[in-house]
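Colleague: Here you go, sequence then predicted model.
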Amino acid sequence: DEDYDEWNTDACQGYGAGKGYIHIHGGKIDIDSDAKAMVAGWKQDEDAVTSSTSDDPTPNIMITGGSIKLTTHTQPRESGNGGGPGGGPGGGRPGQPGSSSSSSSSDTDISPEGLEAKNDIVISGGELLIDATDDAVNAANALTISGGKIVAISANNDAIDSNKSFVISGGLIAALAASS
């Protein structure tokens with residue numbers, strides 16, 4: 001889109017990733033990524049400026065409004081598994097156009113999740129379209145959905161995943177995931 005400046009970020013896992021807390025309550029976001037699309041993460045030993053944890057952000061994501069489109073392309077892989085083909089438009093699903101690539105086991109792990117918080121995700125509004133090759137939505141702790149319209153698609157893993165609690169009290173959700 002001509003109205004947006006092009007952002008150049010390093011798509012390697014762990015670089016260019018968001019740190020700390022993300023709160024979105026309006027606007028339009030469109031992210032097309034070869035790694036994670038949007039992540040709230042924090043590691044005390046790597047990201048802290050001070051030795052105290054009192055000034056550290058909590059790695060949560062809160063979405064109360066806006067139009068958000070997140071797309072990832074690279075196939076998930078862990079070091080030692082030999083990698084796999086990359087994807088193209090459409091999250092790397094079979095039959096979609098796109099290039100392929102291979103990687104060696106010496107590459108870093110790739111977990112191309114769409115929306116990920118290393119703590120909680122709270123969605124109370126907005127319109128989200130998340131098309132990922134790994135988990136489309138992933139909360140390390142709690143996931144709470146009380147509103148909004150969410151379409152979550154995962155080509156290789158979970159459409160919506162919470163490692164602890166998952167509460168739905170409102171909203172409209174369509175989730176499509178890979179079968180095992």
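Modeller: Ah, there it is.

Colleague: show me where this protein has strands.
Modeller: Here the chain has its strands, by DSSP state E, at 22-33, 38-40, 61-72, 115-117, 121-123, 127-132, 137-139, 142-154, 160-162, 165-176.

Colleague: Which strands and helices lie in contact with the third one?
Modeller: On a contact count with 3 or more CB pairs under 8 Å, 6 or more residues apart in numbering; DSSP states H and E, strand 61-72 meets strand 22-33, strand 38-40, strand 115-117, strand 121-123, strand 127-132. C-betas here are computed from N, CA, C, even on glycine.

Colleague: most packed of these?
Modeller: For those, average neighbour numbers computed from mean count of other CB atoms under 10 Å are highest in strand 115-117, which has a mean of 28.

Colleague: Rounded mean pLDDT for it, please.
Modeller: Summarised as a single mean, pLDDT over strand 115-117 is 92.

Colleague: Likewise for stretch 161-169?
Modeller: 96.

Colleague: Please identify the buried residues of it?
Modeller: For stretch 161-169, a neighbour-count test (16 or more other CB atoms under 10 Å) marks 161, 162 as buried.

Colleague: Any idea how far apart the tips of that stretch sit?
Modeller: 16 Å (CA to CA, to the nearest Å).

Colleague: Could you do stretch 119-126 as well?
Modeller: Using CA to CA, the two ends of stretch 119-126 sit 20 Å apart.

Colleague: Now do that stretch: everything it contacts.
Modeller: 24-25, 40, 58-68, 115, 137, 139-150, 162, 170-171 (CB atoms under 8 Å, 6 or more residues apart in numbering).

Colleague: before we move on, what about stretch 139-148?
Modeller: Outside stretch 139-148, the residues within contact range by CB under 8 Å, 6+ apart are 63, 116-128, 137, 160-173.
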